[in-house]
Each structure stands twice: as structure tokens, then as C-alpha cells.
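Novice: just the structure for this:
(chains A, B, C and D)
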There are 4 protein chains.
Amino acid sequence: MVNILVCYFSKSGTTENMAQELINGIKESDSDVTGELKKVHEVDVQDLKVYDGLILGSPTYYGLPSAEIKKFIDESIVHHGKLEWMVGGAFTSSANPAGGNETALMAILESLLIHGMIIKGMPKGDHYGPVVIGEPDERESKQCRFYGKWMADLTDRVSKWNLKK
Amino acid sequence: MVNILVCYFSKSGTTENMAQELINGIKESDSDVTGELKKVHEVDVQDLKVYDGLILGSPTYYGLPSAEIKKFIDESIVHHGKLEWMVGGAFTSSANPAGGNETALMAILESLLIHGMIIKGMPKGDHYGPVVIGEPDERESKQCRFYGKWMADLTDRVSKWNLKK
Amino acid sequence: MVNILVCYFSKSGTTENMAQELINGIKESDSDVTGELKKVHEVDVQDLKVYDGLILGSPTYYGLPSAEIKKFIDESIVHHGKLEWMVGGAFTSSANPAGGNETALMAILESLLIHGMIIKGMPKGDHYGPVVIGEPDERESKQCRFYGKWMADLTDRVSKWNLKK
Amino acid sequence: MVNILVCYFSKSGTTENMAQELINGIKESDSDVTGELKKVHEVDVQDLKVYDGLILGSPTYYGLPSAEIKKFIDESIVHHGKLEWMVGGAFTSSANPAGGNETALMAILESLLIHGMIIKGMPKGDHYGPVVIGEPDERESKQCRFYGKWMADLTDRVSKWNLKK
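Specialist: Numbers count the residues shown, from 1 in each chain, chains lettered A, B, ... in the order given. Coordinates of the predicted model:
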């Protein structure tokens, strides 16, 4: 069973809504990948290695993910080197356009790259990962679902490689 | 005379409009700083050292400034170490929100930091520098004028330090 | 009295050594600026506004500052908009060259820019702020002292502007 | 036939040496992937779509890839949306540690993400891609060969997915 963890921190509920739309996107994909939705506080970092993909979401706080998400990343060091070839992704909510959301996404993605993960950008829409500005509108919700679908597809392929190894 | 060069590359005219609004903002400031508006092809890189501030603008091409702006930055190496304590700034236009505009601004700002320049962020609105998405709306034009005013203010102060040295 | 807070998180002691060298550099400067050295846990975020400069240091954890430093940044939101025109800076220690140290520095600097702070790069050596790889060698210690001196100089000038306002 | 283009700009020869080591690494891999070595001026951007992977190398100029590499990236817009699912990578040479090399790598990788490419980080050594500081030493040459091998492996797998589609 191929499984993606969608792990997020949310205060106002916007990032949580995005996470839910990502899960919807994973369900809509043609692959048989499943998505698990968890608040960052609910995840035992020890369990990380059972997943084939990890998508981290956070509000944009000072151009970066929240301290809660960073703490989770720091604690993931117990698996260093063992999460290589997992698929990684990021999403964020932000008060303003040009309000630090791209740097927040890149910060998450940089940390996942250091784990040796595989990431992928998008030629259309939000290039580095889904971003919601203020309240999510229809374009943004679609972007989240699309990202979920596309992450499911990527993870399915990657995990099938891994099975062949 | 304190002087800021607003140097830009523009194809569709959007970045040029932003540059013009920046100049308007410089004029509206209380300081007696002047702004000079030039397309990047019109600037002789040799003249860079006569300015007290340098604001570079570009459309966002693949999350970065255009090659024309990068060429100008590369050629500025003839002044390396001599542009320290100048004020630097950046602005960009972009097709989409989350379309690479923040990474384009940070790319320009990183290159100016390597010259030893002084930069400043904004606690309100576009944090790293003005961004226009699609056609400039009133909020965005205001953001450009505000940035121009604020850059004039910063450059005025910095150049007065330098006179005292 | 012009005062810079050098605030750091350190586990192995390397970042603490860097912080101490920064304080030495501040003392060696010609200006009468003073530096205060504090572990991040010792700083009451409420006191932040009494300082004229803030230099944040952290080990590089997954290409970013540690969660402890990020928590401090998140909590500084109580002052949002009121720390504008302060001087900001960053330093980091890292296990490897190309080990995420520049992205860690830029992450800190981005958050300070969002507060509206003034930052400055260096045309020689470590461009975005001091970096120690492994144990600090003489070049790196010098870089820290130099950065301290230069931050004292910048903060002195900026705070004298502010007095004139 | 699975084929990776290693495309570079080099002035002093260091980046060229790195490119050659990458090709050696591709040859050493267990997969039957081939690597093609080309100076950026020799590549007809129209031909890009025949490759399964693209690794771009540049000296670090002001914390970013050179204008020549950026021009190539800008011209690649003729294929926008059609290079999705290609594998992308980056390498750079730099005068100093903490001399802008990580931001140069991230700049290249950001542009490849915007094409929708797949990238991967490394849990050991140079996390975002190989970096040479000054003249290449043995650790750095090894890092380049290792990156080449690993990119061959990734591209082989990705292109086999694509065949199955």
C-alpha cells in the first residue's frame, strides 16, 4: 500500500482546509495511493519511515514555516539518510500576495531535499506548491486538489521503482 | 546631490510602469533625493559608482530576473568592493501569484548583498520589494510609489552618513 | 546608548563561540555601541524593542535555523511594524560546506526583512553573514569579529538617524 | 535510449572539470543511461526536449548562475509545459565557502521546478548539488561523480515510468 502523509500546522483553519483538499486530490487520482491527514502534533516522528510521501503545510510566518513545523523537521533527524527517495511536497497559506509564501515553500522544500527526497515543481499556477492568500478561492482549492493528485501520481511511480529494487 | 538609479528590463511595459511609479515615489519623498530612470541597455556599467542607490527591476522569468538584468549584474564586477554601503532594492512583475516573484526579488537582493549593499524589507504589503501580478492595480501602484519614497528616505540617510565619514 | 542584541541557540558550543566573537568585534569597533550576549531562552521577547540591532545565530538544521530560533521569530510578532529600521544580521554553524548554511542565513534574514529591518551583505568572505564549518578556524573567527565590528558601525549610524527624527 | 544533457558555462575551467566528472559518474552507473557534455553556447535550445534529464552548471556569479546560463533558461520558454517530468540538476563552482554557491544552486533548481521537472537532494555532502570551492579537491570530484551516478539512476527510473504511460 502506497501512503502519503499530509502533515500540517493550522491556527485559523485555512491551512487545514488546504490539507483536506490535498487529501481529496489524492483520492481523485487514478493511482491507488492513500493519503493520511494529520496535525503536526498528532504525528509521532518515529512513524515517518512508513510513508512513501510527505507533504508539509504551514501558514507563512515571517517568510518561513511555523516553529511547530520546524520542530517536526528538526526531530526527523532520527531518520537522517533513511528517508531518501521519498516524495516531498509543501503548501502554505499567507495573509498577502508577495507576503513571504514562496520563501516559506522553498524553506520546507530545502529541508526535504536535505533528507534526500524527490520534489517536483508545477509549470502552471503555483510553481513551488499550493499557496492560499487570505481565504481560499476556487482557483486555489483546485490548485490544492491538483497538487494532491499529482503528488499521488509521483509517489505511486516512485514507490513502484522502490519495490523493483 | 543624492541620486538613485532605477534600472529595469521590460518587455510588455509592466515593469516599466512600475519603474515610473518608483520614480514618482522618489519625487514625493520629503528628502531632496533624485531618481534616474533607465532601461538596462541604456546604462553604462562604468557609471554605476556615481549613484547612491540602485533599484533593479525585471519581469519574473523562471523564478529569477531576466538574463538581461543578470548580465548587468555580472558586468558590475568591475566595481566589486566599491559599491559597499550603497542602498539596493528590487521590484518585479509576474504572470501569477506564487509564480516565482519572491524568488526573483530575493535573487536580485542576494546579488546586491554580495556587493555589500544595504537593503531593507517592508513590514506591510510586499515584504521583499514591490510585485505586480498581471496588470498593475491601484494597490500595487501605491506599493511601488511607497517603495520609491522609502528608498529615497533610506538613501538620503545613508549618503549623509557617508558625507560625515 | 546604542545596543545590539546577539541572540543565539547553540548545542555543541560552536554557535556560542561565534556569538562571543561577534561581541568581541562590537567592542573593537570605533563606535560606542554595546553588544549584549544572550541565549535565545534567556530573552524575553517583550524586551526586543529596546535594542537598536538584532543578530540571530543558530546551527544549520536542515538548511534552516533551529526550531528554537524560529519560535523566537514567531513570538516577535507582538512587535510587528515596530522593529522597522532596526539593523538585522545572521550567523550560522554547519557540519559541511554546501550543507545548507547559506539557506539558513537567508531564512533568518528574510524574517528580519519582513520586520522591516535593514540588513547588509559583505563583498569579501562570507557574503550573507558569518559561517563556521565544523570547528571554527582563524579565518572564520576573524570573519565573526569583522561582522560584529561592521554591524556596530551600521547600527551606530542608523540609530543616529533615528535620534534626528 | 535514456539521455542526460550536462550543459555548462565555464570560464576558468573549474565548472568544465566538474561537468566532466558528472559524465564519468553517469558512465559508472549501473543503468544504461548516457550523458552528453555540452557548453551552453553549443546547445540549440530547440533540441532540449530530446533529453530525459538536464543538469545545468555555472560558476557562482553574485550568488546566482551566470547570465549565459540564465539566457539559456529564458530561451527554454519555447518548451514551457513540455519538459515536465524531466529530471533536473545543478552544480556550481565558487571562489569562497559561503560565497553564494547554495543560492546559485537553488536559483537553477527553482527555474527547473518551474518547468515542472523532478529534482532530488542528497542527505550526505553537498545537499543541493555539487559545489567546488577554488580548485576541485578529491572530496569534491567524488561528489560530482556520485551526483552523476545518482542522476543517471533517477533519470533511468523516471524515463521507464514515462515509457509505461
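Novice: where does the residue most central in space within chain A sit: helix, strand or coil?
Specialist: Geometric centre of chain A, nearest residue: A:Ile55, 1.9 Å, by CA atoms, centre = their mean. What DSSP: H, G, I helix; E, B strand; the rest coil gives for A:Ile55 is strand.
Novice: so which helix or strand takes in the residue nearest to it when sequence neighbours are not counted?
Specialist: Once flanking residues are discounted, A:Ile55 sits nearest to A:Gly89: 3.9 Å by CB to CB, 6 or more residues apart in numbering or on different chains. For glycine as for every other residue, the C-beta is placed from the backbone atoms N, C-alpha and C. For A:Gly89, the element it lies in under DSSP states H and E is strand A:87-94.
Novice: does chain D sit close to the following helix or strand past that strand?
Specialist: Per DSSP H and E, the first helix or strand lying C-terminal to strand A:87-94 is helix A:101-114. Yes. Contact of helix A:101-114 with chain D (CB under 8 Å from any CB of the partner chain) involves A:Met106, A:Glu110, A:Leu112, A:Leu113, A:Ile114.
Novice: distance check, the residue nearest to the centre of chain A against chain B.
Specialist: To chain B, A:Ile55 is 16 Å away according to CB to the nearest CB, to the nearest Å.
Novice: one more: A:Glu138?
Specialist: To chain B, A:Glu138 is 14 Å away according to CB to the nearest CB.
Novice: where does that residue land on pLDDT?
Specialist: Predicted confidence (pLDDT) for A:Glu138: 94.
Novice: likewise for the one 5 residues further on?
Specialist: Predicted confidence (pLDDT) at A:Gln143: the value is 96.
Novice: grab the nearest non-local neighbour of it.
Specialist: Nearest non-adjacent residue to A:Gln143 (CB to CB, 6+ apart): A:Pro130, at 4.7 Å.
Novice: my guess is the one you found contacts A:Ser141, does it?
Specialist: No. Using CB atoms under 8 Å, A:Pro130 is not in contact with A:Ser141; the gap is 9.1 Å.
Novice: low-confidence stretches in chain A?
Specialist: For chain A, applying pLDDT under 70 flags the ranges A:162-165.
Novice: interface residues of it facing chain D?
Specialist: Counting by CB under 8 Å from any CB, chain A comes close to chain D at A:80-81, A:83-85, A:106, A:110, A:112-124, A:127-128, A:154, A:157-158, A:161.
Novice: sort out for me which of those are in helices.
Specialist: With DSSP state H as the criterion, helices contain A:Met106, A:Glu110, A:Leu112, A:Leu113, A:Ile114, A:Leu154, A:Arg157, A:Val158, A:Trp161 from among these.
Novice: show me which of these are buried.
Specialist: Buried members of these, scored by 16 or more other CB atoms under 10 Å in any protein chain shown, are A:Met106, A:Glu110, A:Leu112, A:Leu113, A:Ile114, A:Leu154, A:Arg157, A:Val158, A:Trp161.
Novice: neighbour-wise, which of A:Pro130 and A:Ser141 wins?
Specialist: A:Pro130 (31 against 18; other CB atoms under 10 Å in any protein chain shown).
Novice: OK, contacts around the more buried one?
Specialist: Each residue near A:Pro130 by CB atoms under 8 Å, 6 or more residues apart in numbering or on different chains is listed here: A:Met18, A:Leu22, A:Phe91, A:Thr92, A:Glu140, A:Gln143, A:Cys144, A:Tyr147, B:Ala98.
Novice: please apply the same query to A:Ala152.
Specialist: A:Ile4, A:Gly25, A:Ile26, A:Ser29, A:Ser31, A:Val33, A:Gly35.
Novice: do the same with A:Trp150
Specialist: Here A:Trp150 is in contact with A:Gly25, A:Ser29, A:Lys120, A:Met122 (CB under 8 Å, 6+ apart).
Novice: same thing with A:Asp30?
Specialist: If you count contacts by CB under 8 Å, 6+ apart, A:Asp30 has them with A:Asp153.
Novice: which residues of chain A lie near chain B?
Specialist: A:63, A:96-103, A:105-106, A:125-128, A:130-131, A:133.
Novice: ok so, going back, restricted to helices, list the contacts of A:Ala152.
Specialist: Taking DSSP H, the ones among the contacts of A:Ala152 that sit in helices are A:Gly25, A:Ile26.
Novice: tell me the one of the contacts of A:Ala152 nearest chain C?
Specialist: Minimum distance to chain C across the contacts of A:Ala152 is 19.9 Å, recorded for A:Ile4 (CB to the nearest CB).
Novice: you'd agree that closest one is up against A:Val33?
Specialist: Yes. Taking CB under 8 Å as the definition, A:Ile4 is a contact partner of A:Val33 at 6.2 Å.
Novice: out of these two, which sits in the busier spot?
Specialist: Ranked by neighbour count (other CB under 10 Å), A:Ile4 and A:Val33 place A:Ile4 first, with 28 against 25.
Novice: which residue comes closest to that one once chain neighbours are left out?
Specialist: A:Gly53 (3.7 Å).
Novice: what sits against that neighbour?
Specialist: Contacts of A:Gly53 by CB under 8 Å, 6+ apart are A:2-5, A:33, A:86-89, A:151, A:154-155, A:158.
Novice: quick check: it vs chain C, distance?
Specialist: Counting by CB to the nearest CB, the gap from A:Gly53 to chain C is 18 Å.
Novice: beta partners for that residue?
Specialist: Judged by DSSP bridges, the bridge partners of A:Gly53 are A:Ile4, A:Val87.
Novice: repeat that for A:Ile133.
Specialist: Taking DSSP bridges as the rule, A:Ile133 bridges to A:Ser94.
Novice: quick one: it and A:Ala98 touch, right?
Specialist: No. With contact defined as CB under 8 Å, A:Ile133 does not count as touching A:Ala98 (9.4 Å).
Novice: which one of those two has more residues nearby?
Specialist: Between A:Ile133 and A:Ala98, A:Ala98 has the larger neighbour count (other CB under 10 Å), namely 27 against 20.
Novice: phi and psi next, for the more buried one.
Specialist: Taking degrees, to the nearest 10, you get phi 60, psi 30 for the backbone angles of A:Ala98.
Novice: correct me if wrong: it contacts B:Val132.
Specialist: No. Counting by CB under 8 Å, A:Ala98 sits too far from B:Val132 to count as a contact (9.4 Å).
Novice: common neighbours of A:Ile4 and A:Val33, please.
Specialist: With CB under 8 Å, 6+ apart, A:Ile4 and A:Val33 have common neighbours A:Ile26, A:Asp52, A:Gly53, A:Ala152, A:Thr155.
Novice: chain neighbours aside, what residue packs nearest to A:Leu56?
Specialist: Nearest to A:Leu56 is A:Ile108, by CB to CB, 6+ apart, at 5.1 Å.
Novice: fine, thanks again, bye for now.
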